[in-house]
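Visitor: Please find the sequence and the predicted model below.
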Amino acid sequence: MTWAFNDIATFGKDGNAERDLYADFLDEAAITLNRPALGEAAAGFREAAVAWNALGQALLPDEVEPLRETRERLLRRHALFMDEGDAATVALRDIDARLAAIRAAAVDFPLDAAGVTAFRERIAGHVLRLHDIEAAAVTALRAAMS
């Protein structure tokens, strides 16, 4: 789950699976190419950015303590790296050590069978919603470029 969260929230600069960045690109392309419909596609990718963020939150939710702490530390690590770079080396090492301790302590997944089922269902719901949003955005993009 942490690798998926990282790809959504900390890969690149701004999180949201970089869909906001792609939407900005489409807005600029709409002007450059004189294709205003690209702005409609951009709106779809901005909606997808919100949905990706929600999926990231669902992967490491507040309700499951080690997952909440992991999410907070990963976000803090990303912010320190982006804001301070090498100057944050000591703090980054401390975060990495705590994340390793959380992983080592998590011998079993911290949910019972019913909790795991509900967790998977929530994640599936987010993934299906993302599919629908991004399918619509891609359809709008194709229409704008045809």
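Guide: Now that the structure is in, tell me what you want to look at. Residues are numbered from 1 along each chain as shown.
Visitor: hey, let's count contacts and neighbours off CA atoms from now on
Guide: Noted.
Visitor: which SS class is the residue of the chain positioned farthest from its centre?
Guide: What lies farthest from the middle of the chain is Asn34; by CA atoms, centre = their mean that is 31.0 Å. Counting by DSSP: H, G, I helix; E, B strand; the rest coil, the backbone at Asn34 sits in coil.
Visitor: Phi, psi for it please.
Guide: phi 50, psi 50 (degrees, to the nearest 10).
Visitor: if I look at it, how far off is Leu26?
Guide: Noted for Asn34: a distance of 11 Å to Leu26, by CA to CA, to the nearest Å.
Visitor: now the helices for the chain?
Guide: All helices of the chain, identified by DSSP state H, fall at 2-9, 19-32, 37-59, 65-84, 89-105, 113-145.
Visitor: got the buried residues for the second one?
Guide: Which is helix 19-32. Arg19, Asp20, Leu21, Ala23, Asp24, Leu26, Asp27, Glu28, Ala29, Ala30 (16 or more other CA atoms under 10 Å).
Visitor: swap in the fifth one?
Guide: The neighbour-count criterion (16+ other CA under 10 Å) identifies Leu92, Ile95, Leu99 as the buried residues of helix 89-105.
Visitor: name the helices or strands packed onto that helix?
Guide: helix 65-84 (3 or more CA pairs under 8 Å, 6 or more residues apart in numbering; DSSP states H and E).
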